[in-house]
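Novice: Quick one: sequence plus predicted model below, questions after.
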Amino acid sequence: MNSIIWSKFKLSLLDQRLLPLEVKYIECTSYLQVAEAIKNMVVRGAPAIGIAAAYGVVLGAREVFSNNATEYEKNMQKVFETLASTRPTAVNLFWALNRMKDKFYSSLKSDLNKVIETLEKEANSIYLEDLELNKKIGEYGASLLPNKCTVLTHCNAGALATAGWGTALGVIRSAKQMGKDIKVFADETRPLLQGARLTTFELLNDGIDVTLISDNMAGYVMKLGLIDAVIVGADRIAANGDTANKIGTYALSVLAKAHKIPFYVAAPYSTFDLNIKNGDEIPIEERNHDEVRKIFDVKIAPENVKVFNPSFDITPHENITAIITDRGIIYPPYEENIKIMR
Ligand SMILES: CSC[C@H]1O[C@H](OP(=O)(O)O)[C@H](O)[C@@H]1O
């Protein structure tokens with residue numbers, strides 16, 4: 001099931017807020033609609049956010065087109081700024097927008113009338129490249145797993161969070177494809193339940209054995225000896241290997257370390273931000289408090305209760321056994337070995 005479908009100047013986004021209860025696409029014909037969709041998590045997942053924003057630039061380039069290059073450049077600055085302001089943590093958003101910005105300025109100089117066509121080609125290549133990256137991540141990661149293995153994962157780092165196949169779930173898919181006996185425990189992942197709603201949905205659709213647990217069960221499941229490895233996705237990886245991922249990932253890494261269970265991060269090169277030294281520099285998005293007070297709009301807490309709702313946390317590189325990438329598996333010392341991602 002594609003989370004993102006582009007057809008000439010219309011971007012259809014699978015409304016992931018409704019899954020698994022309803023399959024519905026939101027059709028965007030304006031960059032402002034794409035920005036809203038990213039902000040409201042219609043589309044979510046670091047690579048998917050970057051891909052959607054890239055197509056948002058294509059729509060914007062058509063909406064604000066001007067035959068006057070200076071005016072067009074000014075108009076497009078607003079498009080880039082609007083899309084960049086949607087969510088702060090996943091570096092893939094800024095990576096994709098920078099690629100589109102470079103293409104815009106280079107094509108502006110060559111042929112004003114070819115700008116939109118050039119941008120559409122770039123957005124398509126970002127989409128198709130992500131699919132290839134995920135397959136490579138899958139192959140490298142699957143080689144790490146024993147023939148019979150139970151993996152715990154958190155949130156959704158699957159086909160719905162990417163152009164397809166997935167990063168953490170891509171490793172699981174590739175391992176199954178290699179004939180390995182893979183079972184999965186999926187954390188529900190409060191507050192928006194990407195694990196319960198999206199990961200189980202994907203894995204059941206693929207016939208992969210998945211057991212849903214609430215987040216607070218992870219430690220006990222590890223203590224019972226049911227977990228052989230933890231594999232999660234990422235939203236931004238710093239130059240020392242510190243990794244931003246869905247809230248709850250840090251706690252999982254501490255539990256895995258305590259139980260001597262390997263903890264893997266799976267991510268493409270577009271998730272690395274080697275301009276920042278460590279995780280302290282990664283902006284952590286804080287989201288609407290009702291995301292914690294409600295589930296599917298049903299109140300589960302007093303409406304006037306105070307809430308703290310960080311959408312991500314930082315897993316220190318010391319807790320990460322290895323980072324599985326499209327260029328190979330990176331082991332500590334990360335500051336040295338992460339250089340293959342430059
Ligand atoms: C393949 S990266 C997916 C990554 O993005 C998720 O966050 P969100 O659902 O808020 O976009 C989560 O951190 C996943 O690991």
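Specialist: Nice, I can see it.
Novice: Confirm Ala218 sits in a strand?
Specialist: No: counting by DSSP: H, G, I helix; E, B strand; the rest coil, Ala218 is not found in a strand; it is helix.
Novice: I figured it hits Asp187, correct?
Specialist: Yes: the criterion here is Cβ atoms under 8 Å, and Ala218 meets it with Asp187 at 6.0 Å. Backbone N, C-alpha and C define where each C-beta goes, glycine included.
Novice: Spell out which parts of this protein neighbour the ligand.
Specialist: By Cβ under 6 Å from any ligand atom, the residues of the chain that approach the ligand are 44-47, 155, 157, 161-162, 167, 194, 232-233, 235, 245-246, 311.
Novice: before we move on, the earlier item: show me which of Ala218 and Asp187 is the more surrounded one.
Specialist: Shown here are Ala218 and Asp187; by other Cβ atoms under 10 Å, Asp187 has more neighbours (28 against 22).
Novice: gap between the nearest residue to Thr162 once chain neighbours are set aside and Val307?
Specialist: Of all residues not flanking Thr162 in the chain, Pro47 sits nearest, at 4.2 Å (Cβ to Cβ, 6 or more residues apart in numbering). From Pro47 over to Val307 the distance is 29 Å, taken as Cβ to Cβ, to the nearest Å.
Novice: what about these two, which has more around it?
Specialist: The residue with more neighbours, out of Pro47 and Val307, is Pro47; 33 against 14, by other Cβ under 10 Å.
Novice: I'd like the mean pLDDT over the strand or helix carrying that one, please.
Specialist: For Pro47, the host element (DSSP states H and E) is helix 46-63. Mean per-residue pLDDT for helix 46-63: 98.
Novice: quick one, phi psi at Arg287?
Specialist: Main-chain dihedrals, Arg287, degrees, to the nearest 10: phi -110, psi 180.
Novice: what about the strands in the stretch 101-250 of the chain?
Specialist: Secondary structure of the stretch 101-250 of the chain (DSSP state E, counting those that start in this stretch): strands at 148-153, 181-187, 209-213, 229-232, 236-238, 243-246.
Novice: Which one of those strands lies nearest to Glu129?
Specialist: Relative to Glu129, the nearest member of the strands of the stretch 101-250 of the chain by Cβ to Cβ is strand 236-238, separated by 17.9 Å.
Novice: Surely Lys39 is in contact with Ala84?
Specialist: No: between Lys39 and Ala84 there is no contact under Cβ under 8 Å: 11.6 Å.
Novice: what packs against the next helix or strand after the helix holding Pro47?
Specialist: As assigned by DSSP H and E, the chain's next helix or strand after helix 46-63 is helix 69-84. Applying 3 or more Cβ pairs under 8 Å, 6 or more residues apart in numbering; DSSP states H and E, one finds that helix 69-84 contacts helix 31-39, helix 46-63, helix 91-110.
Novice: now helix 69-84 and helix 31-39, what's the angle there?
Specialist: Taking axes from the mean of the first three to the mean of the last three Cα atoms, to 10 degrees, one finds that helix 69-84 is oriented at 20 degrees with respect to helix 31-39.
Novice: Could you find the closest non-adjacent residue to the residue of the stretch 1-150 of the chain found nearest the ligand?
Specialist: Taking Cβ to the nearest ligand atom, the ligand has its nearest neighbour within the stretch 1-150 of the chain at Arg44, 3.4 Å off. Spatial nearest neighbour of Arg44, chain neighbours left out: Gln16 (5.9 Å); criterion: Cβ to Cβ, 6+ apart.
Novice: Report the contact partners of the one you found.
Specialist: Applying Cβ atoms under 8 Å, 6 or more residues apart in numbering, one finds that Gln16 lies in contact with Ser3, Met41, Val42, Val43, Arg44, Leu160, Arg197, Leu198.
Novice: For the chain, which helix extends over the most residues?
Specialist: helix 115-144 (DSSP state H).
Novice: tell me what that one is packed against?
Specialist: Using 3+ Cβ pairs under 8 Å, 6+ apart, helix 115-144 is in contact with strand 4-7, helix 46-63, helix 91-110, helix 168-177, strand 263-266, strand 322-325, strand 328-330.
Novice: For that helix, what is the distance to the chain centroid?
Specialist: On the basis of Cα atoms, centre = their mean, to the nearest Å, helix 115-144 sits 13 Å off its chain's mean C-alpha point.
Novice: Next: stretch 282-291.
Specialist: Averaging C-alpha positions (Cα atoms, centre = their mean) puts stretch 282-291 16 Å from its chain's average.
Novice: Contacts for it, please.
Specialist: For stretch 282-291, contacts defined as Cβ under 8 Å, 6+ apart pick out 87-89, 191-192, 236, 238, 242, 244, 273, 276, 306-314.
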